[in-house]
Structures are given as structure tokens and as C-alpha cells.
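Participant: Provided below are the primary sequence and the corresponding predicted coordinates.
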Amino acid sequence: MADWVTLSSLATAGGTLVLAAATFSSVRSANRAARVAEESLLAGVRPLLLPSRPEDPAIKVGFVDDYRVMTPGGGGTADAVDGIVYLTMSVRNAGTGIAVLDGWHVETAIDFARADHPPVEVFRRLTRDLYLASGDVGFWQGAFRDPSDPDVAGVIETITARTRITIDLLYGDHLGGQRVISRFSLLPYGDDKWVASVVRHWNIDRPDPR
């Protein structure tokens with residue numbers, strides 16, 4: 001004779017197992033959908049800086065000590081005046097979100113075969129946040145004012161000799177994430193012009209694409 005109590009328990013256990021499997025599948029699917037939605041949201045606010053185009057209009061850039069320059073499209077400026085170095089560069093945001101420029105680092109001699117970037121901690125902070133809308137053209141600016149700064153002499157020598165200046169820019173989205181370091185070069189052109197080019201990009205808060 002069948003043991004109905006045992007059969008009932010087995011049936012209940014089987015039903016519970018099926019329900020648990022369905023719940024697990026549903027939760028996993030929901031988590032996957034949430035990750036896809038989050039990635040789509042991040043992609044929608046992701047910035048990417050490149051040099052502006054040569055046909056873009058020049059931008060008037062002013063420094064806190066009232067030094068002013070006209071930064072041409074597709075290029076930049078590099079001036080050494082009374083021991084102070086003024087650097088600017090015209091950039092455009094090819095990404096889908098607002099770019100917030102945060103820091104910069106200048107090198108005058110660099111091995112481009114090197115695959116790394118300077119630590120985030122060594123970047124010089126901008127005295128103001130520079131915002132650049134998606135698809136728009138803006139500028140970056142930086143200055144060396146302390147004569148005891150160990151980098152000043154090398155930068156002045158590079159400007160005077162008119163050789164390549166390497167500029168690493170640190171920026172992110174307007175939410176404070178998705179930070180990127182983009183490596184630019186200012187290359188001398190003619191007697192007094194500098195042409196901008198981009199060399200490489202590194203993701204700081206996300207895996208690199210390579």
C-alpha cells in the first residue's frame with residue numbers, strides 16, 4: 001500500500017526544487033538585464049577626447065594672471081615668459097557624454113614604445129574644472145609658475161628648442177567616473193606653431209580595450 005505521507009513530502013520537495021530553479025533563473029536573468037542597462041547608461045555618458053580639427057575656430061584662452069592666447073584649431077600653444085610656462089591645446093569630445101577635465105602631466109622625453117601611463121597621483125590638478133560637451137570643441141590649459149619646480153627647466157628647454165611636448169590628460173564623465181588618460185603630443189610646425197595629435201588612451205575605471 002502506498003505511503004501517502006511520503007509521496008506527499010516528495011511531491012512538495014519536488015515542487016519546491018522546481019520553484020527554486022525558476023527563481024534562480026529569473027534572478028540571474030534580471031541581474032543580466034540590470035548589467036546591460038547599466039552598461040548602456042554608462043556608454044551614453046562616456047567621453048573621449050581627441051585633437052580638434054584644423055578648420056575649427058581658434059579659442060581665446062585666459063590664465064589667472066591675465067596672460068591670454070589664441071589657441072588654433074587642431075593645435076596648441078607653448079610659451080615661456082619670464083620663467084613662467086603657459087600651455088594650451090584645442091580638443092574635441094568624440095564621446096557620447098560630457099567630459100570633465102581634471103588633471104594633466106607633461107613629459108619632454110618619452111619612449112612611445114612604453115605601454116604604461118603615469119600614476120594618477122602624479123597628475124597636476126586643474127585650478128578649475130573644464131567641461132566639454134559631446135561633439136563640441138574646447139580647450140585644455142596648464143601653467144608652470146614655480147621656478148623651483150623640477151619640471152620647469154626641461155619644459156622651457158623643449159619649447160625653446162621646439163621639440164615634441166607630450167601631454168597626458170586625465171578626465172572623466174560628469175558623474176565622476178569612467179576616467180580616461182589620453183596622451184597627446186604638441187609637435188612644432190613652422191616657426192611658431194604647434195600641431196596637436198593623440199597617441200593613446202587608457203581606461204582607469206574600466207578594462208582597456210586592448
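Facilitator: Nice, thanks for sending it over.

Participant: what stretches of this protein score poorly on pLDDT?
Facilitator: Applying pLDDT under 70 to the chain flags residues 1-44, 111-115, 209-210.

Participant: Nearest the geometric middle of it, what residue?
Facilitator: residue 180 (2.7 Å; CA atoms, centre = their mean).

Participant: Surely that one touches residue 48?
Facilitator: Yes - under the criterion of CB atoms under 8 Å, residue 180 makes contact with residue 48 at 6.9 Å. Every residue, glycine included, has its C-beta placed from N, CA and C.

Participant: and for the two, which residues touch both?
Facilitator: Residues touching both residue 180 and residue 48 (CB atoms under 8 Å, 6 or more residues apart in numbering): residue 201.

Participant: Quickly list what the residue nearest to the centre of the chain is bridged to.
Facilitator: With beta bridges defined as DSSP bridges, residue 180 has these partners: residue 171, residue 203.

Participant: what sits against it?
Facilitator: Applying CB under 8 Å, 6+ apart to residue 180 gives the contacts 47-49, 170-172, 201-204.

Participant: Buried residues of the helix or strand that contains residue 182, list them for me.
Facilitator: Assessed by DSSP states H and E, residue 182 sits inside strand 180-189. The neighbour-count check on strand 180-189 (16 or more other CB atoms under 10 Å) flags 180-186, 188 as buried.

Participant: and residue 96, how many residues sit next to it?
Facilitator: By the criterion of other CB atoms under 10 Å, residue 96 has 15 neighbours.

Participant: for stretch 129-147, how far is the first residue from the last?
Facilitator: 25 Å (CA to CA, to the nearest Å).

Participant: That's all I had, so thanks and see you.
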